[in-house]
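Visitor: next comes the sequence, and after it the predicted model I'd like to discuss.
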Protein chains: 2
Amino acid sequence: MKKIDEEKLRQIVGDANIKTDPSDLYIYGSDSSVHHAMPWAIVRPKTTEQVQGIMRYANENLIPVIARGGGSGMCGQTVPVMGGIILDMKGMNKILEINLEDVYCRVEPGVVDDDLNLALKPHGVFFPPTPASSRIATIGGEIANNASGVRSVKYGATRDAVLGMKVVLPNGDLVNLGARTRVEASGYQLHKLMVGSEGTLGIVVEATLSFVPIPEFRCMGVANFNTLKDAGDAIGSIMASGAIPSMLELVDDVAIKAVNKTMNLGLKEVAAALIFEADGMVKEAVDYEINKMKAICQKHNGEDIYASYDPKERDKIFLGRKSLFPALSKYDDNLASTALADDMAVPYSKMAEMAGKIHEIADRHNIVMTAYGHCGSGCMHTKILMDTRRKDQWESARKAITEVYEYVRSVNGTTSAEHGIGLSKAESFKIEKADSLHLLSLIKKAIDPNNILNPGKLSQAPEDWVTATNLRYSVNC
Amino acid sequence: MKKIDEEKLRQIVGDANIKTDPSDLYIYGSDSSVHHAMPWAIVRPKTTEQVQGIMRYANENLIPVIARGGGSGMCGQTVPVMGGIILDMKGMNKILEINLEDVYCRVEPGVVDDDLNLALKPHGVFFPPTPASSRIATIGGEIANNASGVRSVKYGATRDAVLGMKVVLPNGDLVNLGARTRVEASGYQLHKLMVGSEGTLGIVVEATLSFVPIPEFRCMGVANFNTLKDAGDAIGSIMASGAIPSMLELVDDVAIKAVNKTMNLGLKEVAAALIFEADGMVKEAVDYEINKMKAICQKHNGEDIYASYDPKERDKIFLGRKSLFPALSKYDDNLASTALADDMAVPYSKMAEMAGKIHEIADRHNIVMTAYGHCGSGCMHTKILMDTRRKDQWESARKAITEVYEYVRSVNGTTSAEHGIGLSKAESFKIEKADSLHLLSLIKKAIDPNNILNPGKLSQAPEDWVTATNLRYSVNC
């Protein structure tokens, strides 16, 4: 381990904001992925000046710096594969301005998504990208990964909502990117480049975000399908029809069974269910969208089709989807739910085929995989349920993942829809972006010549994610 | 002038696709800006391979290459300030795919915006960014400048509609950027970086674009105002209200007089008029938006408020706005309409102040300026009407422009809303982006180390736009 000058860091952020205790280091060594690596120190800056001070120190001493928000990343983005300082950005969590006249807000990066929406709610507006982890995910982390969630189909991803930002560069310089206006054509839009760069280009210390009105009416519906193909075809048809759902979610049989088992919801154990929603200021317009989607589901052999404006009914419909993540952990006492191959996007017309492919590959490799996701955005999630103690299951998982991503690329899909690349997805990412990887490296090198910002990620990420880091599981031989 | 190996270029693109006649060179030496500079050759590639061949030749021989579409740029983006080859991309004008299932199309960069929309129309969809110059503007040019137009307030700018692209780099390498899916979180989104880079980073040879359904209902309204302040306040209130106009345009008294004079439309010569529109699939929802906007206009002392779904009535309302550009040229026989300080964006709440400021500055400098634009996106256009033969008028224009942009920056606005920077806006751009200009240079240098792609633009653009190039006017002393 490289020597860190703790005294120097203490001078910058104060005694209370630096941790080097091994138990703390261990906890900050992972996120919600399967990966683990030990950092050298945890530093929690409170101000932009402190971030600048840390960066100057790290840049001069060639010490890696990894910014971290809520730790909800699924792919190991903040796992410090080369050691270094974890910059815990949760200490910078002020909402600086809510400007209703000019329709933007300014926030520090450590603001939790739900907290921002809580602050916006009294004004009748909301920040839409909101991932499923919004209870803990920070705006900074969402920017780093171009996060999105159930409503991205209508409202877009984080990148679409970022108007500008202040960023500390590796050398400690502070730059203002973007603008506070709705349109901008003033040269390279570097704030958009920062979104999704996974902490490899700069540390976001402030973001200017747009928001939208909370709709007056919201109607949610559900349809059951006896084949995954029918459900997938319904998704494709809905999106090709020009419908504007505010949510379009798929859950497959594995997901439904998991939810029933742990929540006792009594959901019908069909091959797949679609949850769809429309929202707006005028009920007739919401009706129009809902009726359109209901009709398409019916055409594709959907059953038990039902929709409601009633908040309680809507909660009931969505409860299964909402509980899916914890429920999958309890699907089988011998199987752990791992965030592997957890996130990809394919063109709409491939949704059905993709879901089938996931099940076929899982069966062949003797693991359990589930297909679900924000299909209205082309986003398909999976989880791999496996016995993490068995080395052969890791080998199977690795083969399954490789095959899943081979399929994704073969249909012009992309490696990550909204969770980012981190470590777990590096293999597919590097194949998918083979021809532009050099361009990525050039930009990285130009902005971070000493390679101190989250080294070992994106263009530098290890292709073999199993051996690249320690796994957060004890694996027997 | 540097020696170009014409024979070499002929081998790459064929005899018919290269021009070096002085009259041709002269025409391609300008766009719709005030600037002019002579290129060394005009080359019209028909294929990606030809573009690659030209770039390899140019890169080895350090010859500037400037991609050009319809020549409708207002700020001199394609004016070859350092000479070189103009790459006339209009030869690559095939629509490669319209994929209704997956809701995207693929086009070559020379496709004219209106031609794309003509091809999409039978399928009930449209490509929304559409600038006013859509009759001649090409998709490649729109990408280079992040163009947008009257509908950007609801449907966004070009950047929002670009899912991916194929780009030839300065060294001739071809790279695939982005994806064919709706969401993507796979590393740096370099296709978004290319949008707005004004031909300084790569040559777009194919673009994947999203499209949206043509709305069933469209209603357009108009309101007259006796003060510019009232009109500006109405814009701010409409946007802060959460209304979703599909168009929100301002025209001031100068604009109205110009249109009346040339078109004999008999428009009431008030201080300002707002044209507003809403669209959608459900009439009740369109009514809701229109009524909301009408009420806000009324509250801000709007008069003669009127709206209609009838296409003929809508055309009548919009005719004045549509004719504005040519009409301004005929405002006064002694005054030419120049595209100077033609485009900026400010936060919504500053619209009224901005419009007033433009008039105040113009009066003080003894020139005529008009305020109009896509105010729903925060975009404010002006034109400077002046006697271009008089040198003192150029000096006045220069001072007025400096003051206008000083104001824009003082209210957190941005130099260009949708026309790009080119040469005319370099002064304000360089001040606005002073702290990130170095970052721009680093990226430019990393991707184009020999500085052959549109040199002398963006971070390299001359601050003194009057003396930087020849002007397309004969100026007496």
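Guide: Looks like it came in fine.
Visitor: where does A:Glu142 land in three-state SS?
Guide: helix (DSSP: H, G, I helix; E, B strand; the rest coil).
Visitor: could you pull up the contacting residues of the residue nearest to it when sequence neighbours are not counted?
Guide: Distances taken as Cβ to Cβ, 6 or more residues apart in numbering or on different chains put A:Thr158 closest to A:Glu142, at 4.8 Å, once the chain neighbours are dropped. Just so you know, the C-beta spots here come from the backbone N, C-alpha and C atoms, and that holds for glycine as well. By Cβ atoms under 8 Å, 6 or more residues apart in numbering or on different chains, the contact set of A:Thr158 is A:129, A:142-143, A:145-148, A:195.
Visitor: out of the residues you listed, the closest to chain B would be?
Guide: A:Asn146 (4.3 Å; Cβ to the nearest Cβ).
Visitor: what separates that closest one from A:Asn412, distance-wise?
Guide: As for A:Asn146, its distance to A:Asn412 is 19 Å (criterion: Cβ to Cβ, to the nearest Å).
Visitor: and chain A, what are its domains?
Guide: Using automatic domain parsing, the domain ranges for chain A come out as A:91-213, A:216-420.
Visitor: among those domains, which is the most enclosed?
Guide: For those, the largest average neighbour count (mean count of other Cβ atoms under 10 Å in any protein chain shown) is found in domain A:91-213, namely a mean of 23.
Visitor: read off the pLDDT value for the residue nearest to A:Glu142.
Guide: Predicted confidence (pLDDT) for A:Thr158: 96.
Visitor: what do you get for A:Lys2?
Guide: So A:Lys2 comes in at 61 (pLDDT).
Visitor: tell me the secondary structure for A:Asp333?
Guide: coil.
Visitor: for A:Ile54, what are its contacts?
Guide: Counting by Cβ under 8 Å, 6+ apart, A:Ile54 has contacts A:9, A:12-13, A:43, A:45, A:65, A:85, A:87.
Visitor: for the helix or strand it falls within, what is the average pLDDT?
Guide: Per DSSP states H and E: A:Ile54 is located in helix A:48-61. In this model, helix A:48-61 carries a mean pLDDT of 98.
Visitor: mind listing what's buried in it?
Guide: Going by neighbour count (16 or more other Cβ atoms under 10 Å in any protein chain shown), the buried part of helix A:48-61 is A:48, A:50-59.
Visitor: pipe these into a markdown table and attach distance to A:Asp114 per row.
Guide: Shown next, in a markdown table, are those (distance: Cβ to Cβ, whole Å):
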| residue | distance to A:Asp114 |
| --- | --- |
| A:Thr48 | 24 |
| A:Gln50 | 26 |
| A:Val51 | 24 |
| A:Gln52 | 29 |
| A:Gly53 | 30 |
| A:Ile54 | 28 |
| A:Met55 | 29 |
| A:Arg56 | 34 |
| A:Tyr57 | 33 |
| A:Ala58 | 31 |
| A:Asn59 | 34 |
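Visitor: returning to that earlier point: just the contacts of A:Thr158: which are in strands?
Guide: If you go by DSSP state E, the contacts of A:Thr158 have nothing in strands.
Visitor: and these as a markdown table, adding distance to B:Pro347 and pLDDT?
Guide: Below are those laid out as a markdown table (distance: Cβ to Cβ, whole Å; pLDDT from 0 to 100):
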| residue | distance to B:Pro347 | pLDDT |
| --- | --- | --- |
| A:Pro129 | 22 | 92 |
| A:Glu142 | 24 | 97 |
| A:Ile143 | 21 | 98 |
| A:Asn145 | 28 | 96 |
| A:Asn146 | 25 | 96 |
| A:Ala147 | 26 | 95 |
| A:Ser148 | 26 | 93 |
| A:Val195 | 21 | 97 |
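Visitor: out of those residues, which one sits closest to A:Ala355?
Guide: A:Ser148 (19.6 Å; Cβ to Cβ).
Visitor: got the contact list for the closest residue in space to that closest one that isn't next to it in sequence?
Guide: Distance criterion Cβ to Cβ, 6+ apart; nearest residue to A:Ser148, sequence neighbours excluded, is A:Ala157 at 3.7 Å. Contacts for A:Ala157 (Cβ under 8 Å, 6+ apart) come out as A:129, A:146-148, A:377, A:418, B:183, B:185.
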